[in-house]
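In: Give the three-dimensional model of this entry:
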Amino acid sequence: MRRALVLTDESARHSFRATLPAHIRKADAPAGKAFDWRITAGDIRGVASVYFTTFAAVLAFIA
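Out: Numbering: from 1, shown residues only. Prediction:
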């Protein structure tokens, strides 16, 4: 069984990530990838449904 002489990696920049094996750290997402943060109609519909459901539950609790 081969074991690394040093169990942590200083370049991982986080204590948990430093303890992970090298082959797992290489599977990270590329750093240059941009995310799409646009608000869709489904997002607005979800927020509105949660708002009105909470409002109805609070109203039923008070009444």
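In: Quick one: the helices in this protein, in order.
Out: With helices called from DSSP state H, the chain shows them at 15-19, 22-25, 41-62.
In: Dump these into TSV; add mean pLDDT and distance to residue 35 as well.
Out: Where C-beta positions appear, they are placed from N, C-alpha and C, glycine not excepted. TSV is the format used below for those (pLDDT from 0 to 100; distance: least, C-beta to C-beta, whole Å):
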stretch	mean pLDDT	distance to residue 35
helix 15-19	77	21
helix 22-25	75	21
helix 41-62	97	14
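In: for the ones you listed, which one ends up most surrounded?
Out: With neighbours defined by mean count of other C-beta atoms under 10 Å, none of the helices of the chain is more surrounded on average than helix 15-19, at a mean of 11.
In: Is residue 25 in contact with residue 19, as I believe?
Out: No: counting by C-beta atoms under 8 Å, residue 25 sits too far from residue 19 to count as a contact (10.2 Å).
In: Please identify which of the helices of the chain is closest to residue 34.
Out: Closest approach to residue 34 among the helices of the chain (C-beta to C-beta): helix 41-62, 18.7 Å.
In: Quick check: which helices or strands does the closest one pack against?
Out: Contacting helix 41-62 under the criterion 3 or more C-beta pairs under 8 Å, 6 or more residues apart in numbering; DSSP states H and E is no other helix or strand.
In: send the alpha carbons of that helix over as PDB?
Out: This file holds the C-alpha atoms of helix 41-62, laid out as PDB (Å, rounded to 0.1, in the frame of the first residue of the first chain):
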ATOM      1  CA  ALA A  41     -41.000  33.600 -14.400                       C
ATOM      2  CA  GLY A  42     -40.800  30.300 -12.400                       C
ATOM      3  CA  ASP A  43     -38.700  32.000  -9.700                       C
ATOM      4  CA  ILE A  44     -41.300  34.800  -9.400                       C
ATOM      5  CA  ARG A  45     -44.100  32.300  -9.300                       C
ATOM      6  CA  GLY A  46     -42.400  30.300  -6.600                       C
ATOM      7  CA  VAL A  47     -41.800  33.300  -4.400                       C
ATOM      8  CA  ALA A  48     -45.400  34.400  -4.800                       C
ATOM      9  CA  SER A  49     -46.800  31.000  -4.000                       C
ATOM     10  CA  VAL A  50     -44.600  30.700  -0.900                       C
ATOM     11  CA  TYR A  51     -45.600  34.200   0.200                       C
ATOM     12  CA  PHE A  52     -49.400  33.700  -0.200                       C
ATOM     13  CA  THR A  53     -49.200  30.200   1.400                       C
ATOM     14  CA  THR A  54     -47.400  31.600   4.400                       C
ATOM     15  CA  PHE A  55     -49.800  34.600   4.600                       C
ATOM     16  CA  ALA A  56     -52.800  32.200   4.500                       C
ATOM     17  CA  ALA A  57     -51.300  30.000   7.200                       C
ATOM     18  CA  VAL A  58     -50.600  32.900   9.500                       C
ATOM     19  CA  LEU A  59     -54.100  34.300   8.900                       C
ATOM     20  CA  ALA A  60     -55.600  30.900   9.700                       C
ATOM     21  CA  PHE A  61     -53.500  30.700  12.900                       C
ATOM     22  CA  ILE A  62     -54.700  34.100  14.100                       C
END
